[in-house]
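Colleague: Below are the sequence and a predicted model for it; my questions follow.
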Amino acid sequence: MYSVLLTIHSLVRWLVLISLLVAIYRAYKGWLGHAPFSTFDNAVRIATVTISHVQLVLGISLYCISPVVRYFLNYFKTAVHEREIRFFGMEHITMMVLAIVLITIGSAKAKRQIADGQRFKTMAIWFTVALVVIFSSIPWQFSPLTSRPYFRWC
């Protein structure tokens with residue numbers, strides 16, 4: 001179960017990143033180009049939030065059954081000083097939950113805006129901040145915090 005969840009979580013991260021990049025691109029293009037907020041833009045906003053929430057559920061499920069996290073919680077005093085263990089036990093989940101909160105707030109605020117320019121601006125700012133948080137907290141192969149392959153397979 002753990003390896004299957006890990007694989008799905010690894011693959012869905014790419015969907016999160018792609019949907020977030022598309023949403024940010026559309027938001028900046030609409031905001032700076034003074035375009036109308038179309039039903040497609042709204043669909044992109046909704047898809048981005050939905051995919052992000054699916055990833056959050058996968059991540060929390062994975063967190064609950066992870067042997068790394070179990071070690072972190074059971075041996076906290078020692079584990080908190082081990083970079084890789086601390087990253088997955090505390091830092092990764094904290095930053096990713098924060099990113100999903102930012103995406104959710106940005107989406108909700110954008111939805112409530114009346115003017116199209118304000119919708120795009122709200123999405124652009126909140127989603128960009130969330131993307132920065134996500135990029136800083138993914139265990140990339142080149143990350144100094146900890147590294148994982150770009151794709152995890154069972």
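Modeller: Nice, I can see it. Please read these numbers as outputs of a predicted model, since none were measured by experiment.
Colleague: contacts, neighbours, all on C-alpha from now
Modeller: Noted.
Colleague: Point to the helix or strand of the protein where mean pLDDT is at its lowest.
Modeller: Ranking every helix and strand in the chain by mean pLDDT, DSSP states H and E puts helix 83-86 at the bottom, with a mean of 90.
Colleague: got the CA coordinates for that one in CSV?
Modeller: Taking C-alpha atoms only, helix 83-86 is exported to CSV below (Å, rounded to 0.1, in the frame of the first residue of the first chain):
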residue,chain,number,x,y,z
ARG,A,83,18.0,16.4,7.8
GLU,A,84,16.2,13.9,5.6
ILE,A,85,14.0,12.5,8.4
ARG,A,86,13.1,16.0,9.6
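Colleague: buried residues in that helix?
Modeller: 84, 85, 86 (16 or more other CA atoms under 10 Å).
Colleague: what's the closest of those to residue 10?
Modeller: Residue 10 lies nearest to residue 84 out of the buried residues of helix 83-86, by CA to CA, at 17.2 Å.
Colleague: Downstream of the least confident helix or strand of the chain, the next helix or strand is which one?
Modeller: Next in sequence after helix 83-86, counting helices and strands by DSSP states H and E, comes helix 92-112.
Colleague: what angle do the next helix-or-strand element following that following helix and helix 92-112 make?
Modeller: Moving toward the C-terminus from helix 92-112, the next helix or strand (DSSP H and E) is helix 116-137. With axes from the mean of the first three to the mean of the last three CA atoms, to 10 degrees as the basis, helix 116-137 and helix 92-112 are set at 170 degrees to each other.
Colleague: List the buried residues in helix 116-137.
Modeller: 116-131, 133-134, 137.
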